[in-house]
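J.: Okay, here's the prediction I keep looking at, along with the sequence it came from:
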Amino acid sequence: MTRKLTYVSPRIVVLFLAGLLATAGVYGERPITLAETIALARERSVDAEVAANSLRSAYWEYRTYRAKLLPEVTFSGTIPSYNKRYNPWQNSDGSYTFLRDDNLQLQGSLNVEQRVWLTGGTLSLTSSLDFIRQLSGETGNLYMSVPVALKLNQPLFGVNDVKWDRRIEPVRYREAKATYIMATEEVALTAIRYFFTLLTARETLANAAQNVANAEKMYDAAKVQREMGRISGNDLLQIELNLITSRSEYMEGESEVKSAMFQLRSFLDLPETEELVPVTPDNGGAAAVEYDRALELALANNPLALNIRRRQLEADYEVAKAKGELRQVNLFAQVGFTGTDSNLSGTYRNLRDNQVIEVGVSIPILDWGKRKGNVETARSRRMLTESTLRKERSDFCQNLFVLVERFNNQQSQLGMALRADEIATKRYDSSVETFIIGRLSALDLNNSQENKDSAKLKYLNELYLYWYYYYQLRSLTLWDFEAGMPLEADFRHVISGK
């Protein structure tokens, strides 16, 4: 009498696996979608925190640069300075003597300093007051005030650092913000990889459990058919071998699921008590992307464009700085008023002009070509930078072109993989029924099972590639193709860390 083999559906297998995992100490299952995984990764992963810290660092560097452009107010003073000592003094005949000095001094000054954006010089406004009290000999007080003094320190031929900072630093900060958005998309890419690793592992385990259940029933049926002489001993051994292989693959699948589960939970910073059950996503249905449009968006939004601009400016700055060091001429000028008196009020009544003008010159006469060599070195480095930047831009365009082609082709690949999975599943179901009635060999049944398993994994891999390519396009163009708008971030929230 032939025993009828009942096919075990994937639904029953999944429920059976859930029961096994519950008895193994799992406290609760949590279905999780791909969108939820990406959102959690952007919020809780270590990679996201690293990206946020990089943005905060760039923000404070930019704030420091902006602060340098604003007036700086400082107070300096000596409160007090006491001296009781002998100082050398040269007489009119050339001889020396020592004079007793016993005094108390107080000094204070308030200074407002501003960098001049146009010329690169420094303009400052100062007000100071000095006080000396002689404590021995002819005692008394002496005050000296500078109510107001305007000072200018201006390099005449050197490089204007302020001008170059105003060119470079805003580009650097925009690059940092674009880099942060790109980094969040790269976090999404990592989350997608971990998500599909777990999804594939669970699907492989479900297939293995289904194969074990079917192999056990087919082995029981094969033993009966062997007794009736309907199959050969070789087929019975092949069915037993399939059973052993299925059990081994199931044990390996359990280990793979645990490893992938730990990896995803750790990345999302979730408790170990949660059993994540990834929900198979759809293909999203995004329209095909034109390369010209993708390149236009990438050159406008990707940090590479800003990086190229910044590095070109930095190379130009190094050349300008080297040229400025060929000769140095500094102008120092001071105009203001000063007054001295034995009492404080008198120092502000009897004011006199206080003017200083200095021009300092440093021109090399013989430096054996050192400064000229520095200029040529800076020029050579600029040329090297320009060549490197052209190559990086060319490689970027080439990689973007390949990515666009792969993404556009992936829709078709995904459709074919889905159809192949459906055909392989139906073929396997038919092969099981055909084997039961003795019209299919064990080798053909084994081949059908392998095709069914590989077709399912092929579909999941094509689905993974679709989403991976899509988020790669987002990360390179910083553009949301579904919403039709640029990717944005709440930079204030990220910088504040709240």
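T.: Received the coordinates, thanks. Numbering: from 1, shown residues only.

J.: and the residue of the chain most remote from its centre, what element?
T.: Residue farthest from the centre of the chain, counting by C-alpha atoms, centre = their mean, is Asp93 at 75.2 Å. Using DSSP states H and E, Asp93 sits within no helix or strand.

J.: Let me see the ranges of the helices in the stretch 1-150 of the chain.
T.: 10-23, 34-44, 46-68 (DSSP state H, counting those that start in this stretch).

J.: and the second one, which residues are buried?
T.: With burial defined by 16 or more other C-beta atoms under 10 Å, the residues of helix 34-44 counted as buried are Leu34, Glu36, Thr37, Ile38, Leu40, Ala41, Arg42. No exception for glycine: its C-beta is placed from N, CA and C like everyone else's.

J.: so where does Thr245 fall, helix or strand?
T.: helix 233-268.

J.: What is that helix packed up against?
T.: Counting contacts by 3 or more C-beta pairs under 8 Å, 6 or more residues apart in numbering; DSSP states H and E, helix 233-268 packs against helix 34-44, helix 161-227, strand 274-278, helix 442-477.

J.: would a markdown table of these with distance to Asn399 and mean pLDDT be doable?
T.: Below are those laid out as a markdown table (distance: least, C-beta to C-beta, whole Å; pLDDT from 0 to 100):
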| stretch | distance to Asn399 | mean pLDDT |
| --- | --- | --- |
| helix 34-44 | 23 | 93 |
| helix 161-227 | 14 | 88 |
| strand 274-278 | 29 | 90 |
| helix 442-477 | 8 | 86 |
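
J.: Kindly present these as CSV, with separate columns for distance to Glu252.
T.: Converted to CSV, the helices and strands packed on helix 233-268 look like this (distance: least, C-beta to C-beta, whole Å):
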stretch, distance to Glu252
helix 34-44, 25
helix 161-227, 8
strand 274-278, 19
helix 442-477, 13
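
J.: right, so of the ones you listed, which gets closest to Ser128?
T.: helix 161-227 (26.4 Å; C-beta to C-beta).

J.: Now do the closest one and helix 46-68, the angle between them.
T.: Angle of helix 161-227 versus helix 46-68, following axes from the mean of the first three to the mean of the last three C-alpha atoms, to 10 degrees, is 170 degrees.

J.: Just give me how far helix 161-227 sits from the chain centre.
T.: With C-alpha atoms, centre = their mean, to the nearest Å as the basis, helix 161-227 stands 19 Å off its chain's centre.

J.: deepest of the helices of the stretch 1-150 of the chain, which one?
T.: helix 34-44 (a mean of 18; mean count of other C-beta atoms under 10 Å).

J.: Any idea how far stretch 29-41 is from the middle of the chain?
T.: The chain centre lies 22 Å from the centre of stretch 29-41; the measure is C-alpha atoms, centre = their mean.

J.: distance of Phe195 from Tyr65?
T.: Distance, Phe195 to Tyr65, using C-beta to C-beta, to the nearest Å: 40 Å.

J.: The helix holding Thr245: which residues count as buried?
T.: Buried-residue list, helix 233-268, by 16+ other C-beta under 10 Å: 235-236, 238-240, 242-243, 245-246, 249-250, 253-254, 256-257, 260-261, 264-265, 267-268.

J.: Dump the buried residues of helix 34-44 into JSON lines; add distance to Leu142 as well.
T.: Shown next, in JSON lines, are these (distance: C-beta to C-beta, whole Å):
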{"residue": "Leu34", "distance to Leu142": "81"}
{"residue": "Glu36", "distance to Leu142": "78"}
{"residue": "Thr37", "distance to Leu142": "78"}
{"residue": "Ile38", "distance to Leu142": "75"}
{"residue": "Leu40", "distance to Leu142": "73"}
{"residue": "Ala41", "distance to Leu142": "72"}
{"residue": "Arg42", "distance to Leu142": "69"}
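
J.: ok, so of those residues, who is nearest Ala222?
T.: Using C-beta to C-beta, the buried residues of helix 34-44 come closest to Ala222 at Leu34, 41.6 Å.

J.: and Ala333, which of the three is it?
T.: strand (DSSP: H, G, I helix; E, B strand; the rest coil).

J.: That one is in contact with Ala149, isn't it?
T.: No. Between Ala333 and Ala149 there is no contact under C-beta atoms under 8 Å: 10.7 Å.

J.: Tell me which of the two has more neighbours.
T.: A direct count of neighbours by other C-beta atoms under 10 Å for Ala333 and Ala149 places Ala149 higher, at 20 against 15.

J.: ok, now how distant is the more buried one from Ala208?
T.: From Ala149 to Ala208 the distance is 87 Å (C-beta to C-beta).

J.: check contacts around the residue nearest to Gln114 when sequence neighbours are not counted.
T.: In space, and not counting its chain neighbours, Gln114 is closest to Pro71: 4.5 Å by C-beta to C-beta, 6 or more residues apart in numbering. By C-beta atoms under 8 Å, 6 or more residues apart in numbering, the residues touching Pro71 are Val112, Glu113, Gln114.

J.: Got the domain ranges for the protein?
T.: Using automatic domain parsing, the domain parsing of the chain gives 10-63+166-311+384-496, 72-116+121-158+328-363.

J.: between those, which one is nearest to Ala378?
T.: Short answer: domain 10-63+166-311+384-496, nearest of the domains of the chain by C-beta to C-beta, at 10.4 Å.

J.: Show me how far the closest one is from its chain's centre.
T.: Using C-alpha atoms, centre = their mean, the distance between the centre of domain 10-63+166-311+384-496 and that of its chain works out at 22 Å.

J.: How about residues contacting stretch 282-293?
T.: Contacts for stretch 282-293 (C-beta under 8 Å, 6+ apart): 400-401, 404-405, 407-408, 411, 414, 463, 466-467, 470, 473, 481-482.

J.: Can you say which of the residues you listed are buried?
T.: Applying 16+ other C-beta under 10 Å to the contacts of stretch 282-293 flags Leu400, Val404, Phe407, Asn408, Gln411, Leu414, Leu463, Tyr466, Trp467, Tyr470, Leu473, Phe481 as buried.

J.: Could you single out the nearest of those residues to Thr122?
T.: Leu400 (46.3 Å).

J.: Correct me if wrong: the closest one contacts Glu296.
T.: No. Judged on C-beta under 8 Å, Leu400 makes no contact with Glu296 at a distance of 10.8 Å.

J.: Please, which helix or strand holds Arg439?
T.: Secondary structure (DSSP H and E) places Arg439 outside all helices and strands.

J.: State the distance from it to Ile239.
T.: Distance from Arg439 to Ile239, by C-beta to C-beta: 15 Å.

J.: Please apply the same query to Tyr86.
T.: Per C-beta to C-beta, Tyr86 is found 113 Å from Ile239.

J.: just Arg202 next, same as before
T.: Taken as C-beta to C-beta, the span from Arg202 to Ile239 is 27 Å.
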